[in-house]
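A.B. asks: sequence? don't have it. structure:
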Ligand code: GDP
């Protein structure tokens, strides 16, 4: 039986990976909380790999945050993400893990990458400055996986997801991403019988959303069926479908059952207008998402209502 280590299992993606691993019949799933294993400590990480000897490693642990945190704690974001990656990837190599999956983010692509964004757009021009330290760390991780593959013949795969949402999302009232923040705002407005709900910006920007469990399915699909050499340096994971923030707001309003009006606060920033990834490489490998956005939002809303732990 394949022994699987999922680093970062308490996060939205890591917990989706654990659920999907169980659904697919894997029984040897290794997880460690931050307290049990500090991924910033190379000796601890090395010892963990020496003792547990996982076959497959999913590296979903990272220091993450919204635009404010990324821009403020620039040194911490660069340093901690580099350390986590170096420690886990080096130990996986030293202790003979047969495969590793490294999770990146669409922010590794240049600020002005042509739409939809292709894997080959990596490092073709400047990054967005607010999250540059995080992006640089993730790019270093992709390059480290690629360098191990070419020098040592390892089998390390790097995946770049679009905007993720789902079970165990971050509902922080200021730091969250648009989908969980609006879910929470519409829910609270419904409970308080508020007449209006405010959505930031013009509603015109478009984004691509992927349910975290679908993302986890894609990761297992790639690990089970492909080698790093079939995939290339990195691969985008998304739906290939985008929606405007306005339409997203109306969809969330419907799922929540809120009956008031939506107001757009155009004093707030829109951010980048388009951020769609080209997922043709993934589709050629035979994978497509399962849940529609509406189904995914319903599942996420159920989790929000039924699981008070997810609410800060
Ligand atoms: P981005 O994809 O990195 O820009 O991440 P966000 O999820 O933070 O924002 C996506 C878009 O949703 C932007 O155009 C925001 O202006 C818009 N938006 C609308 N309402 C909200 C909100 O309540 N919170 C956030 N974070 N974004 C919102």
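C.D. replies: Looks like it came in fine. Keep in mind the model is a prediction, meaning the values are calculated, not measured. Residues are numbered from 1 along each chain as shown.

A.B. asks: Only C-alpha atoms from now on, for both contacts and neighbour counts.
C.D. replies: Fine.

A.B. asks: need the contact list for residue 106.
C.D. replies: Shown in contact with residue 106 (Cα atoms under 8 Å, 6 or more residues apart in numbering): 160, 161, 162, 163, 277.

A.B. asks: OK, contacts around the fourth one?
C.D. replies: Read that as residue 163. So, once contact is read as Cα under 8 Å, 6+ apart, residue 163 ends up touching 106, 207, 208, 209, 210.

A.B. asks: Kindly report the same for residue 233.
C.D. replies: When contacts are counted by Cα under 8 Å, 6+ apart, residue 233 touches 142, 143, 146, 157, 158.

A.B. asks: burial of the third one, as a residue count?
C.D. replies: A total of 23 residues lie near residue 146 under the criterion other Cα atoms under 10 Å.

A.B. asks: Go ahead and confirm it touches residue 152.
C.D. replies: No - the criterion here is Cα atoms under 8 Å, and residue 146 misses it with residue 152 at 9.8 Å.

A.B. asks: any chance you could map the strands in the stretch 1-150 of the chain?
C.D. replies: 4-7, 29-30, 56-59, 99-103 (DSSP state E, counting those that start in this stretch).

A.B. asks: To the ligand, which of these lies closest?
C.D. replies: Set against the ligand and scored by Cα to the nearest ligand atom, the strands of the stretch 1-150 of the chain come closest in strand 99-103, at 16.9 Å.

A.B. asks: of the contacts of residue 106, closest to the ligand?
C.D. replies: Distances from the ligand to the contacts of residue 106, taken by Cα to the nearest ligand atom, are shortest for residue 163, at 6.6 Å.

A.B. asks: Quick check: bridge partners of that closest one?
C.D. replies: Beta bridges link residue 163 to residue 209, judged by DSSP bridges.

A.B. asks: For the stretch 1-150 of the chain, which segments count as helices?
C.D. replies: For the stretch 1-150 of the chain, the helices defined by DSSP state H, counting those that start in this stretch cover 12-23, 42-52, 67-72, 74-94, 132-152.

A.B. asks: Report all helices and strands that the last one contacts.
C.D. replies: To tie it back to what came earlier, the one meant is helix 132-152. Counting contacts by 3 or more Cα pairs under 8 Å, 6 or more residues apart in numbering; DSSP states H and E, helix 132-152 packs against helix 74-94, strand 99-103, strand 156-161.

A.B. asks: which parts of the helix or strand encompassing residue 220 are buried?
C.D. replies: Assigned by DSSP states H and E, residue 220 belongs to helix 212-225. Applying a neighbour-count criterion of 16 or more other Cα atoms under 10 Å, one finds 212, 213, 214, 215, 216, 217, 218, 219, 220, 222, 223 buried in helix 212-225.

A.B. asks: ok, back up a step: widest-spaced pair of the contacts of residue 233?
C.D. replies: Using Cα to Cα, these span at most 10.7 Å, a distance reached by 143 and 157.

A.B. asks: Who has more neighbours out of the two?
C.D. replies: Comparing residue 143 with residue 157 by other Cα under 10 Å, the one with more neighbours is residue 157, at 28 against 15.

A.B. asks: Give me the nearest residue to the more buried one, chain neighbours excluded.
C.D. replies: Spatial nearest neighbour of residue 157, excluding adjacent residues (Cα to Cα, 6 or more residues apart in numbering): residue 101 at 4.8 Å.
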